[in-house]
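1. Sequence and computational prediction follow.
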Amino acid sequence: MKHLAVILTTGLIILIGIGARFAIGNVYSEAEATNLIQSLTQTGLYLGSAIAGASATTLALMLTLLGLTNQTQTDFDSDVYRSISQVAWLSTISLVGAVILLLMLVLPVGEFNKMPDGWYRLMYEVIFALTVLVCALLTATVVRLFMTIRRVISQVTPGDAV
């Protein structure tokens, strides 16, 4: 039950991505795929950079939170440390995914003469799927982080503050 919010928000982002992909329709030619890749590249570079930055920052903040939980007078249960670990894992996976996305987006599209048939269509599908995936991972990270912070606050704050 405690992972339901993470699963629902991640699933929602993936469903939106699938819906967007179906709204675009089939990619029938290499020229069309090349144009779609160039469109993705324009915004994808900013999105990938933002996700990489957010993920790296979240990892640093998890170290801070871990230090905070060790210095307080409160005895935290193992669920708090497990939650911190899960946020760190999600952040790491998001960061790696964002770096891979950025690497794919900087490939020179349309400048290769002898590419196999369907190369650009496949490249477009992979870039689009990776974009949706890193967005879903970032959303999962933020929701898991929110749940972790609420748990820490509930154990540090006296009474029913949360």
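-> Sure thing, it's come through. Residues are numbered from 1 along each chain as shown.

2. switch to C-alpha atoms for all contacts and neighbour counts from now on
-> Fine.

3. Next, the buried residues of the helix or strand hosting Thr9.
-> For Thr9, the element it lies in under DSSP states H and E is helix 4-24. Across helix 4-24, burial judged by 16 or more other CA atoms under 10 Å covers Val6, Ile7, Thr9, Thr10, Ile13, Ile14, Gly17.

4. Determine how far that helix lies from the middle of the whole chain.
-> 12 Å (CA atoms, centre = their mean, to the nearest Å).

5. quick one: the next helix or strand after it to helix 4-24, angle?
-> Counting by DSSP H and E, the next helix or strand C-terminal to helix 4-24 is helix 30-71. Using axes from the mean of the first three to the mean of the last three CA atoms, to 10 degrees, the direction of helix 30-71 lies 170 degrees away from that of helix 4-24.

6. so after the lowest-mean-pLDDT helix or strand in the chain, what's the next helix or strand?
-> Ranked by mean pLDDT, DSSP states H and E, the weakest helix or strand in the chain is helix 30-71, scoring a mean of 87. Counting by DSSP H and E, the next helix or strand C-terminal to helix 30-71 is helix 78-105.
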